[in-house]
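Asks: for reference, the sequence and a predicted model appear below.
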Amino acid sequence: MDSFVRLLELAYSADSVSAIEIMRLGFQREVQEERGWFSFLYGWCVHVADWLAYLDAIIQELEICSGDMSVARLVVELRSGDGLVFADSVTYFKAIRDFEAEKLANMRLFLQASAAHLGRRMQFLARFNAM
């Protein structure tokens, strides 16, 4: 029933009962939906890449502080055992960074697959536009 309702909606939107017009409009809508999804996914890739850069900066600062306690004393008031806290913090942020880097790699693979899928849909739509 859902497919039938969608078909009627497409026929009404196309202002035509021609099967080619209905199919063209259907594929055009699919391309628009795919472009929206692709844009959203690309935005998330940019967001995660920015987050990785931020994590790298934190890790670099923590490594400087843990490697040179005189620098760390300028940044924070140290107590005995705070050097261990810096080392644990570096390990913690590196684990988060590794997870985020893996997530970004997977998202980029998904983005490539989405781009290929969008390209195929656009080619199919071009065939109907040529009719």
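Replies: Perfect, thanks for sending it.

Asks: helices and strands of this structure: which one bottoms out on pLDDT?
Replies: Least confident helix or strand of the chain, by mean pLDDT, DSSP states H and E, is helix 69-75 with a mean of 58.

Asks: and the very next helix or strand once past that one, average pLDDT?
Replies: From helix 69-75 onward toward the C-terminus, using DSSP states H and E, the following helix or strand is helix 82-130. In this model, helix 82-130 carries a mean pLDDT of 85.

Asks: show me what helix 82-130 is packed against.
Replies: Judged by 3 or more Cβ pairs under 8 Å, 6 or more residues apart in numbering; DSSP states H and E, the packing partners of helix 82-130 are helix 19-67, helix 69-75. All C-beta spots, glycine's among them, are computed from the backbone N, C-alpha and C.

Asks: quick check: which of these is nearest to residue 110?
Replies: The stretch from the helices and strands packed on helix 82-130 with the least distance to residue 110 (Cβ to Cβ) is helix 19-67; that distance is 6.6 Å.

Asks: packing partners of the closest one?
Replies: Packing partners of helix 19-67 (3+ Cβ pairs under 8 Å, 6+ apart): helix 2-14, helix 69-75, helix 82-130.

Asks: between helix 82-130 and that helix, find me the angle.
Replies: Between helix 19-67 and helix 82-130, the angle formed by their directions is 170 degrees, by axes from the mean of the first three to the mean of the last three Cα atoms, to 10 degrees.

Asks: adjust the sequence numbering to begin at 39 for everything that follows.
Replies: Got it, first residue is 39 now, which makes that one helix 57-105.

Asks: what mean pLDDT does helix 57-105 get?
Replies: When pLDDT is averaged over helix 57-105, the result is 86.

Asks: thought residue 101 was touching residue 127?
Replies: No - with the criterion set as Cβ atoms under 8 Å, residue 101 and residue 127 do not qualify as a contacting pair; they are 9.7 Å apart.

Asks: which neighbours do these two share?
Replies: Here residue 101 and residue 127 share no contacting residue, scored by Cβ atoms under 8 Å, 6 or more residues apart in numbering.

Asks: check contacts around the closest residue to residue 86 other than its chain neighbours.
Replies: Spatially, and ignoring its direct neighbours in sequence, residue 86 is nearest to residue 142 (4.6 Å; Cβ to Cβ, 6 or more residues apart in numbering). Residues touching residue 142, when contacts are defined by Cβ under 8 Å, 6+ apart, comprise 83, 86-87, 90.
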